[in-house]
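Visitor: 3D model of this:
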Amino acid sequence: MQISGLYASLNDTHGNPVVGRLIQFYAQDGTLLAMGRTNADGKVYTTGPANLGTQVVSNILAGGYAVFHGDDHYTASNRSFGISPVGTAKFGVA
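Guide: Got it, this is the predicted structure:
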């Protein structure tokens, strides 16, 4: 299973995009799913790994959160998100 369509937007208190900052995406249990840096619009689009185990998949379906840990110029920020499965997931051996 692979997670696609992970998206976050980072803006300052005036609504201006924050460029070049690392955003990390986590499952509810704290498993790191993916990370990426914000573009010129303050947005990051990324895809998670394709080799997720069945336990991680169960945790992911509970949702997750995107995190900016902060730096010398901006305070930390995070937001939770939900995940909607697309297609059919099959586990086990046929």
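Visitor: Just after the helix or strand of the chain with the lowest mean pLDDT, pick out the following helix or strand.
Guide: In the chain, no helix or strand scores lower on mean pLDDT, DSSP states H and E than helix 54-60, which sits at a mean of 63. Next helix or strand after helix 54-60 toward the C-terminus (DSSP states H and E): strand 64-68.
Visitor: Tell me the strands beside that following strand, with direction?
Guide: Paired neighbours of strand 64-68 in the sheet (DSSP bridges): strand 22-27 (antiparallel), strand 77-81 (antiparallel).
Visitor: which of those strands is buried the deepest?
Guide: Ranked by average neighbour count under the criterion mean count of other C-beta atoms under 10 Å, the strands paired with strand 64-68 are headed by strand 22-27 at a mean of 21. Bear in mind the C-beta positions are built from the backbone N, C-alpha and C, glycine included.
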